[in-house]
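>>> when you get a sec, could you give me coordinates for this:
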Amino acid sequence: MCPHTPPCPAPSAPDREAAHTIVSHPEQGWSLLCNGVVIFDDTGELLPDGACIAPHRPTDLAAFDRPRAVGMGLGHGGQAPAA
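Next up is the predicted model:
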């Protein structure tokens with residue numbers, strides 16, 4: 001049972017990562033939340049029932065899915081400029 005007020009989200013809740021951290025091991029890359037969820041630095045999760053949530057960083061987009069920065073157009077003929 002969660003002792004916090006308001007209580008931490010359940011492990012099955014979409015906002016489960018908002019639970020209080022009760023054990024943190026940054027040198028090992030993981031933390032245990034009050035609801036029993038283990039979160040990892042790569043944003044992966046291990047739920048109390050043993051289910052795994054794959055890492056889900058918003059930066060994990062393929063290069064072609066990212067908007068091109070202003071001024072980063074391709075060079076002559078659609079080719080990137082030589083380095």
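>>> the helix or strand bottoming out on mean pLDDT in the chain pairs with which strands, parallel or anti?
Lowest on mean pLDDT, DSSP states H and E among the helices and strands of the chain sits strand 52-53, with a mean of 91. Applying DSSP bridges to the sheet, strand 52-53 is found paired with strand 45-46 (antiparallel).
>>> quick one: average confidence on the partner strand?
Confidence for strand 45-46, expressed as mean pLDDT, is 94.
>>> what are the contacting residues of that strand?
The contact list for strand 45-46 (C-beta atoms under 8 Å, 6 or more residues apart in numbering) reads 16-17, 37-40, 52-53. From N, CA and C alone the C-beta is placed, and that goes for glycine too.
>>> I'd like to know how far Asp15 sits from Cys8.
9 Å (C-beta to C-beta, to the nearest Å).
>>> for the two, indicate the residue with more neighbours.
Cys8 (20 against 9; other C-beta atoms under 10 Å).
>>> so the more buried one makes contact with Ala18?
Yes. Cys8 lies in contact with Ala18 (C-beta atoms under 8 Å); the separation is 7.2 Å.
>>> now Ser24. Its backbone dihedrals?
The phi/psi pair for Ser24 (degrees, to the nearest 10) reads phi -130, psi 130.
>>> for burial, what's the neighbour tally of it?
12.
>>> what does the one 5 residues further on give?
Per other C-beta under 10 Å, the neighbour tally for Gly29 reads 11.
>>> what's near enough to touch it?
40-42 are the contacts of Gly29 under C-beta under 8 Å, 6+ apart.
>>> could you dump the residues you listed to JSON lines with distance to Pro48 and pLDDT?
What follows is the contacts of Gly29, written out as JSON lines (distance: C-beta to C-beta, whole Å; pLDDT from 0 to 100):
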{"residue": "Phe40", "distance to Pro48": "15", "pLDDT": "94"}
{"residue": "Asp41", "distance to Pro48": "20", "pLDDT": "91"}
{"residue": "Asp42", "distance to Pro48": "19", "pLDDT": "88"}
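>>> closest to Ile22 out of the residues you listed?
The closest of the contacts of Gly29 to Ile22 turns out to be Phe40 (C-beta to C-beta; 15.7 Å).
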